[in-house]
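**Student:** quick one: sequence plus predicted model below, questions after.
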Amino acid sequence: MSITNWVSSAPLRLRQRINRGIREAAGLSHEPPPACNVPAEAYLPVDGVARLVHGDLPPMMIGGVASLFFEMLHPHTMAGVADHSRYQQDPLGRVLQTANFIGATSYGSKASAYAAIERVLAIHQGVRGVADDGVAYYANDPHLLRWVHCAGSSMFLSAYQRYGQQHLTSAQADQYVREVAVTARDMGVIDPPTSVEDLNLALADFRPELRLSADGMIARDFVAKGVVEGAHQRVAYRLIVDAAYALMEPWALELLGVASTPVVDRLIVRPATTLLSSAVRLAVPPARPVTLTD
């Protein structure tokens, strides 16, 4: 390579290096598989809202952390994680597994999505036990699957609505809930929500079941602290955690044992997170940077 070509390609090489660094810090150590863009073969609509939302890394990181905090508020879900997961020994491995599942069910073919769903359901077969309240839990219980689905889709959508690259109309937000309901149904969830209103009602129905167990406290502190290395990464992760907290309703934060700070969120967290999201997108562009229309 000539000096001229080396110099001209330097910005691209720097961007690729930063891209790898950001993805690895987020637990995404492998490049995602190619998307299936043949409408008849794709699992979800190739021009749908789910692909737009799930392809934007900054809000997905924030929504992912928020969904962990939200999901751990159900003591039976948390018991399954505590008893059968190695999340403290291999947290980035767990992130990668979740990312692979979301990738397969968002961008994959019907065949690859069904295979990913079957793998998760097979793993769940062995996730059984008794929670701290003496009640038996089972990871493939449709009720618990419904909780995980509702908590996760709510936080991913909320994160995109606040920090996503594009504005979603209320109709597009409903479309997102309707699209991800396909995966929930194939996972065994009975009558998953298909609109934002239905999703909020479903979450409200779970409130009497929610509390922070002793295992939940351990998980909360572990997720809040993170496992990133380096001063800059720790600062960025702390900002992501604060942005994740701010997505949650005050009642959920109260159950989580975290103080609600709306003024700090409005004046500091949101502007700083918006700036961080823009910087990340320069190195890791959204997977599907298109404009949706009504």
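**Tutor:** Good, I have the coordinates.
**Student:** where along the stretch 51-200 of the chain do the helices fall?
**Tutor:** Secondary structure of the stretch 51-200 of the chain (DSSP state H, counting those that start in this stretch): helices located at 57-71, 75-84, 91-107, 110-124, 142-163, 170-187, 196-206.
**Student:** who wins for proximity to residue 38 among those?
**Tutor:** Minimum separation from residue 38 across the helices of the stretch 51-200 of the chain (CB to CB) falls at helix 110-124, 10.3 Å. To be clear about C-beta, it is placed using only N, CA and C from the backbone, and glycine gets the same treatment.
**Student:** contacts for that closest one, please.
**Tutor:** 33, 36, 41-44, 100-101, 104-105, 108, 138-140, 183, 186-188 (CB atoms under 8 Å, 6 or more residues apart in numbering).
**Student:** return the distance of residue 40 relative to residue 110.
**Tutor:** Taken as CB to CB, to the nearest Å, the spacing of residue 40 relative to residue 110 amounts to 9 Å.
**Student:** more neighbours, those two?
**Tutor:** Neighbours were counted for residue 40 and for residue 110 using other CB atoms under 10 Å; residue 110 has more, 14 against 8.
**Student:** relative to residue 43, how far out is the more buried one?
**Tutor:** In this structure, residue 110 lies at 5 Å from residue 43, with CB to CB as the measure.
**Student:** what of residue 61?
**Tutor:** Remark: distance between residue 61 and residue 43 (CB to CB) = 23 Å.
**Student:** any idea which of the helices of the stretch 51-200 of the chain gets closest to residue 242?
**Tutor:** Set against residue 242 and scored by CB to CB, these come closest in helix 57-71, at 9.6 Å.
**Student:** what's the angle from that closest one to helix 91-107?
**Tutor:** Here helix 57-71 points in a direction 110 degrees away from that of helix 91-107 (axes from the mean of the first three to the mean of the last three CA atoms, to 10 degrees).
**Student:** which other helices and strands contact helix 57-71?
**Tutor:** Contacting helix 57-71 under the criterion 3 or more CB pairs under 8 Å, 6 or more residues apart in numbering; DSSP states H and E are the following elements: helix 49-54, helix 91-107, helix 142-163, helix 214-225, helix 231-247, helix 250-256, helix 270-283.
**Student:** quick one, which of those is packed in tightest?
**Tutor:** Using mean count of other CB atoms under 10 Å, the stretch among the helices and strands packed on helix 57-71 with the largest mean neighbour count is helix 49-54, at a mean of 26.
**Student:** helices or strands up against that helix?
**Tutor:** For helix 49-54, the elements it packs on are helix 57-71, helix 91-107, helix 142-163, helix 170-187, judged by 3+ CB pairs under 8 Å, 6+ apart.
**Student:** chain center to that helix, what's the gap?
**Tutor:** How far helix 49-54 lies from its chain's middle: 12 Å, per CA atoms, centre = their mean, to the nearest Å.
**Student:** quick one: contacts of it?
**Tutor:** By CB under 8 Å, 6+ apart, the residues outside helix 49-54 that reach it are 35, 44-45, 59-60, 102-103, 106-107, 156-157, 160, 164, 166, 168, 172-173, 175-176, 179-180, 286-288, 290, 292.
**Student:** buried members of the residues you listed into PyMOL, please.
**Tutor:** Selecting the buried subset of the contacts of helix 49-54 in PyMOL, with 16 or more other CB atoms under 10 Å as the burial test, is done by:
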select buried, resi 35+44+59+60+102+103+106+107+156+157+160+164+168+172+173+175+176+179+180+286+287+288+292
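**Student:** state the distance from the residue nearest the centre of the chain to residue 169.
**Tutor:** Most central residue of the chain, judged by C-alpha distance to the mean C-alpha position with CA atoms, centre = their mean, is residue 64 at 2.9 Å. Residue 64 sits at a distance of 24 Å from residue 169 (criterion: CB to CB).
**Student:** list the contacts of residue 126.
**Tutor:** residue 84.
**Student:** so it versus residue 140, what's the distance?
**Tutor:** Using CB to CB, one obtains 10 Å as the distance from residue 126 to residue 140.
**Student:** could you do residue 270 as well?
**Tutor:** Spatial separation of residue 270 from residue 140 under the definition CB to CB is 38 Å.
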